[in-house]
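Chemist: Next input, structure requested:
(one chain, ligands or ions: 1)
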Amino acid sequence: MKQNNFYITTPIYYPSGEPHMGHAYSSIIADVFARFKRNDKYKVYFLTGTDEHGLKIQKAAEKDGSNPLNYCDKISKIFKDLTKKLNLSNDDFIRTTEKRHYKSVTDIWNRLVKSGDIYLSKYKGWYSVSDEAYYNSDEIIEKNGKKYSTFSGSIVEWVEEESFFFKLSSWQERLLEFYDKNDKFILPISRRNEVVNFVKSGLKDLSVSRTSFTWGIKVPNNDKHVIYVWLDALTNYISALNFPNTNDKLYKNFWPATLHVIGKDILRFHAIYWPAFLLAAKIKPPSRVFSHGWILSGEEKMSKSKGNILNPLEIIKKYGVDELRYYLMKEVPHGSDGTISLKNLENCINSDLANNYGNLCQRVFSFVKNNCKNKVTKTKKASDTDKKLIAQTKVITSDLRNLMDNQNLNNYIKSVINISFLTNKYINDEEPWKLKKNNIEKMNNILHLALEQIAKISILLNPIIPEKSLKVLDALNIKTELRNLSFLDGQNVINDEIKIQELDILFKKITQ
Ligand code: MSP
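Modeler: Residues are numbered from 1 along each chain as shown. As a prediction, the model looks like this:
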């Protein structure tokens, strides 16, 4: 992959029901990184899509009275619409029922056969349809006569059937070596430790085909078997780059992936199986897997099977898409679980968006409109108070790329909103309204710095609140080619003389 290229993926959604907040959360995180890197002049490829094979989908289609493909067409469209409603900037939306994906999965299977990593035997053990995962006996508990996975809490069933196996056990040492050499392959570090301990405790060979149902990609030369849905699904990340054509421009530019954003429930698949499959197939593994926590409803993971879903579309309708994006990114702690509620959402909108960033923009824009005919000119050198604000801003911004590169979105947002807070305070202290009559020059200087700060804050917030930040940048008349992060290296964003346009209210304060 070329330097300054950035390939980011979300987990492809199961089209097995209504989209919920967990899906929205996972996708928005990835979108924020994609937008940030684009703003930092990287060439970005951002992928999402739907994961359409396997028993779970076959069963959902049966329940719906549809054939699986018709069912997937219908539900996949709902998820595609969701990407629009969430304002995701994805470059592609892959469906695992597409031809390009079949080609890629078949090729990877053949590579695994060729490398001697696949053999035929019989699987006897526990399987969870809802997780599409195999579990060891020591990961199962019994409650009221039913068996559950201790890992996910999902119901499991006993499966005995002929199956192809992937020699995962033989990859144990090589995986540990790989984690060792790539110490930031899995973030946050707590998740990395979890994975390393799991691998150290011993890996069993993995069943990679099923014979008891048909909805999947057939094993080459053996129609009785369909390929295990996770081997199928993970491969989407390279199918979208036109693998197996490794000379393809997309593949050359963007593989290995820079970052897979995933929820902690699917960490094993991404951090153990996926690199093992790739290493065995002689393909470079991705650079990083970032595993976020769960959105909880009370104490539990929000999920369809638990019936505790907060519908992102309803929230967007009522509060707005930027508001939802901001809240989820700011409030769910980095890498951990987070409980969300409407009350917290409203508090967050009021305190950070309406009272802080929104208020800063509104007060400066309306002051400039009412007192300067929308035109501000900087004529003087920076005063000591100006210098103080500029220096404080510089200290805060110097760490922002690093925070994003370590997927620490909470601290990134806190830092940026702090710049907005400091700028509001600067205006309060400088009291430009008192200079209207006798020191227009100084007043202009204060307003100019305030506008410069607003421009910077808006560019920094752009990945999180793309819609509203663009409104501000438009009202500041900032040219598209200047809407990037070059100012982190010292440049200014606005000219000494600036003409602005009127700005409507950005965020309405919510009365509670
Ligand atoms: N199809 C698989 C992913 C295959 S990737 C090769 C899958 N799909 S999913 O629709 O169930 O989940 C999509 C994403 O949403 C995953 O990252 C999952 O972790 C995330 N979430 C689903 N419920 C969640 C919460 N309640 N909270 C946060 N994210 C969770 O998994």
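
Chemist: quick one: the helices in the stretch 301-450 of the chain?
Modeler: 312-319, 321-331, 342-348, 359-372, 384-397, 400-405, 409-430, 440-461 (DSSP state H, counting those that start in this stretch).

Chemist: With respect to the ligand, which of those lies nearest?
Modeler: For the ligand, the closest of the helices of the stretch 301-450 of the chain is helix 321-331, at 9.5 Å, according to CB to the nearest ligand atom. Every C-beta, even on glycine, is put in place using the N, C-alpha and C of the backbone.

Chemist: what is the orientation angle of the closest one with helix 312-319?
Modeler: Calculated by axes from the mean of the first three to the mean of the last three CA atoms, to 10 degrees, helix 321-331 forms an angle of 110 degrees with helix 312-319.

Chemist: and the nearest residue to residue 281 once chain neighbours are set aside, helix, strand or coil?
Modeler: Leaving aside its sequence neighbours, residue 281 sits nearest to residue 111 (CB to CB, 6 or more residues apart in numbering; 4.0 Å). Three-state call for residue 111 (DSSP: H, G, I helix; E, B strand; the rest coil): helix.

Chemist: how about JSON lines for the helices of the stretch 301-450 of the chain, with distance to residue 33 and mean neighbour count added?
Modeler: Listed next are those as JSON lines, based on distance: least, CB to CB, whole Å; neighbours: other CB atoms under 10 Å:
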{"stretch": "helix 312-319", "distance to residue 33": "19", "mean neighbour count": "17"}
{"stretch": "helix 321-331", "distance to residue 33": "11", "mean neighbour count": "23"}
{"stretch": "helix 342-348", "distance to residue 33": "21", "mean neighbour count": "15"}
{"stretch": "helix 359-372", "distance to residue 33": "25", "mean neighbour count": "19"}
{"stretch": "helix 384-397", "distance to residue 33": "18", "mean neighbour count": "14"}
{"stretch": "helix 400-405", "distance to residue 33": "7", "mean neighbour count": "16"}
{"stretch": "helix 409-430", "distance to residue 33": "8", "mean neighbour count": "19"}
{"stretch": "helix 440-461", "distance to residue 33": "14", "mean neighbour count": "22"}
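
Chemist: Let me have those in TSV, extended by distance to the ligand.
Modeler: Converted to TSV, the helices of the stretch 301-450 of the chain look like this (distance: least, CB to the nearest ligand atom, whole Å):
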stretch	distance to the ligand
helix 312-319	11
helix 321-331	9
helix 342-348	16
helix 359-372	31
helix 384-397	29
helix 400-405	19
helix 409-430	14
helix 440-461	23
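
Chemist: Output those helices as CSV; include the columns mean pLDDT.
Modeler: Shown next, in CSV, are those (pLDDT from 0 to 100):
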stretch, mean pLDDT
helix 312-319, 94
helix 321-331, 96
helix 342-348, 92
helix 359-372, 97
helix 384-397, 97
helix 400-405, 97
helix 409-430, 97
helix 440-461, 98
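
Chemist: Turn these into TSV, including distance to residue 50.
Modeler: Shown next, in TSV, are these (distance: least, CB to CB, whole Å):
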stretch	distance to residue 50
helix 312-319	17
helix 321-331	21
helix 342-348	28
helix 359-372	38
helix 384-397	38
helix 400-405	28
helix 409-430	25
helix 440-461	30
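
Chemist: between these, which one is nearest to residue 254?
Modeler: Taking CB to CB, helix 400-405 is the member of the helices of the stretch 301-450 of the chain nearest to residue 254, at 17.6 Å.

Chemist: doesn't residue 278 make contact with the residue nearest to residue 281?
Modeler: No: assessed by CB atoms under 8 Å, residue 111 is found out of contact with residue 278, at 9.7 Å.

Chemist: Comparing those two, which residue is more hemmed in?
Modeler: residue 278 (21 against 18; other CB atoms under 10 Å).

Chemist: got the contact list for residue 442?
Modeler: Counting by CB atoms under 8 Å, 6 or more residues apart in numbering, residue 442 makes contact with 380, 383, 432, 435.

Chemist: change it to 6 Å
Modeler: For residue 442, the contact set (CB atoms under 6 Å, 6 or more residues apart in numbering) comprises residue 435.

Chemist: Also residue 185?
Modeler: residue 179.

Chemist: how much space between it and residue 10?
Modeler: 18 Å (CB to CB, to the nearest Å).

Chemist: Residue 156: which of the helices of the stretch 301-450 of the chain is closest?
Modeler: helix 312-319 (29.5 Å).

Chemist: Any chance you could list what contacts stretch 120-139?
Modeler: Outside stretch 120-139, the residues that touch it by CB under 6 Å, 6+ apart are 54-56, 140, 149-152, 154, 156-157, 159-165, 207, 229.
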